[in-house]
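Novice: Take this sequence and fold it.
(one chain, ligands or ions: 2)
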Amino acid sequence: MSIHIGANPGDIAEVVLMPGDPLRAKFIAENYLENPVQYNNVRGMLGFTGTYKGHRISVQGSGMGIPSIGIYAHELITEFGVRKLIRVGSCGSFQPHVKIRDIVFAMSASTDSSLNKNAFRGMDFAPTADFGMLMKAYETATEKGIKPHVGNILSSDVFYGDDPDEWKRWAKYGVLAVEMETTALYSIASKLRAKAMTILTVSDSLVTSEETTSEERQNSFTEMMEIALEVAIS
Ligand SMILES: O=P(O)(O)O[C@H]1O[C@H](CO)[C@@H](O)[C@H]1O
Ligand SMILES: O=c1cc[nH]c(=O)[nH]1
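Specialist: Ligands and ions are numbered 1, 2, ... in the order given. Predicted structure coming up:
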């Protein structure tokens, strides 16, 4: 048992899917895992372990933002022996060609957070996805007839910012979309010698102002879940 995860040693698989929303974790467990067992309810941050195509897989809600996923990723790796972490999240598009419900693979994650600036005394660390996982995700998407966008994303500390045009600074440099966790996930996985990647579904567009509902964000982004499960068992 760790401070934030009320599981016993061995309750959590070596591979964990991590949606921000704990109810998305429940949806994945109930719809894709065989014999799912809930191992965590501390702070309502649901975690489940079951099997997918015969492989043991866990799904753990990460909460929103860098501090929250930082806590769960750290405890999963250091206290429960997790080796592979796959974030399955929602994001807002920065580019006209990245449309609502499209899939984005985060090859790298820029940030406005000071997490790594603090850790590296003002110097820049480049948080990147595990190449093998990224390649498997790309192959799986291609087999399914899905064309993912692969590239740099922004992990922001701010959801409701002051400047409505701030995102354009990142868009100008080709950043695909914004979410709030990946830079921490990739950095922590690198430090602790685990493997990580993020798969996102576009839930809204800063370009067109289109949006999906919270219910859709919880339950309907199934293509990214299915790609993530194939990466998990590879
Ligand atoms: O849908 P999730 O995985 O929570 O991801 C995105 O949604 C939340 C903001 O609505 C942030 O956590 C952001 O990263
Ligand atoms: O962090 C996020 C997630 C989804 N959509 C956004 O605009 N921001």
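Novice: Just give me how far stretch 225-234 sits from the chain centre.
Specialist: Distance of stretch 225-234 from the chain centroid (Cα atoms, centre = their mean, to the nearest Å) equals 13 Å.
Novice: Then stretch 125-139?
Specialist: Centre-to-centre, stretch 125-139 and its host chain are 12 Å apart (Cα atoms, centre = their mean).
Novice: Equivalent analysis for stretch 58-67, please.
Specialist: On Cα atoms, centre = their mean, the centre of stretch 58-67 falls 8 Å from the chain's centre.
Novice: cool, stretch 79-97 as well?
Specialist: Between the centre of stretch 79-97 and the centre of its host chain there is 2 Å, according to Cα atoms, centre = their mean.
Novice: and it, anywhere near ligand 2?
Specialist: Yes - using Cβ under 6 Å from any ligand atom, we find that stretch 79-97 touches ligand 2 at 90-92. Using the backbone N, CA and C atoms, a C-beta is placed for each residue, glycine as well.
Novice: swap in stretch 180-194?
Specialist: Yes - using Cβ under 6 Å from any ligand atom, stretch 180-194 reaches ligand 2 at residue 180.
Novice: just how off-centre is that stretch within its chain?
Specialist: Computed by Cα atoms, centre = their mean, the chain-centroid distance of stretch 180-194 equals 11 Å.
Novice: Out of the residues of stretch 79-97 next to ligand 2, which is nearest to ligand 1?
Specialist: Proximity of the residues of stretch 79-97 next to ligand 2 to ligand 1 (Cβ to the nearest ligand atom) peaks at residue 90, which lies at 3.5 Å.
Novice: looking at it, the closest one is touching residue 178, isn't it?
Specialist: No - Residue 90 lies out of contact with residue 178 (Cβ atoms under 8 Å); the separation is 10.2 Å.
Novice: Might you enumerate the residues of this protein proximal to ligand 2?
Specialist: By Cβ under 6 Å from any ligand atom, the residues of the chain that approach ligand 2 are 90-92, 159, 178-180, 203-204.
Novice: Minimum distance to ligand 2, which residue of this protein gives it?
Specialist: For the chain, Cβ to the nearest ligand atom, closest residue to ligand 2: residue 92, 2.4 Å.
Novice: ok, what's across the strand from that residue?
Specialist: residue 178, residue 204 (DSSP bridges).
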